[in-house]
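J.: Give the three-dimensional model of this entry:
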Amino acid sequence: MRGGMQHRGMLWSDPPDEPPEELRDAQAKLARLAWLLPGITLVTFLLAATSR
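T.: Residues are numbered from 1 along each chain as shown. Alright, predicted model coming up:
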């Protein structure tokens, strides 16, 4: 069925395609935690290896 031209893109009235601010904050915290945990693990291993 090929009627008239149909545009399936976003309408000007559609809200922006962004997550809510709370979700963006949570994602930023998880990203920091993703660097912090391996760093703590590495420091712990280094301290354990040098304490022998």
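J.: Now do the same contact list for Pro20.
T.: Counting by Cβ atoms under 8 Å, 6 or more residues apart in numbering, Pro20 touches no other residue. Every C-beta, even on glycine, is put in place using the N, C-alpha and C of the backbone.
J.: starting at the chain centroid, how far to the helix or strand harbouring Leu42?
T.: Assessed by DSSP states H and E, Leu42 sits inside helix 21-50. How far helix 21-50 lies from its chain's middle: 14 Å, per Cα atoms, centre = their mean, to the nearest Å.
J.: again with stretch 20-32
T.: With Cα atoms, centre = their mean, you get 7 Å for stretch 20-32.
J.: mind exporting that stretch as PDB, just the C-alpha atoms?
T.: The C-alpha trace of stretch 20-32 is given here as PDB (Å, rounded to 0.1, in the frame of the first residue of the first chain):
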ATOM      1  CA  PRO A  20      16.000  12.000  32.100                       C
ATOM      2  CA  GLU A  21      18.500  13.900  34.200                       C
ATOM      3  CA  GLU A  22      18.200  11.400  37.100                       C
ATOM      4  CA  LEU A  23      19.200   8.600  34.700                       C
ATOM      5  CA  ARG A  24      22.100  10.600  33.300                       C
ATOM      6  CA  ASP A  25      23.400  11.300  36.800                       C
ATOM      7  CA  ALA A  26      23.100   7.500  37.700                       C
ATOM      8  CA  GLN A  27      25.000   6.700  34.500                       C
ATOM      9  CA  ALA A  28      27.800   9.100  35.300                       C
ATOM     10  CA  LYS A  29      28.100   7.600  38.800                       C
ATOM     11  CA  LEU A  30      28.300   4.100  37.400                       C
ATOM     12  CA  ALA A  31      31.000   5.300  34.900                       C
ATOM     13  CA  ARG A  32      33.100   6.700  37.800                       C
END
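J.: where does the chain have low pLDDT?
T.: 1-12, 14-15 (pLDDT under 70).
J.: what sits against the most centrally placed residue in it?
T.: When Cα atoms, centre = their mean is applied to the chain, the residue found nearest the centroid is Gln27 (4.3 Å). Taking Cβ under 8 Å, 6+ apart, we find Gln27 in contact with Pro19.
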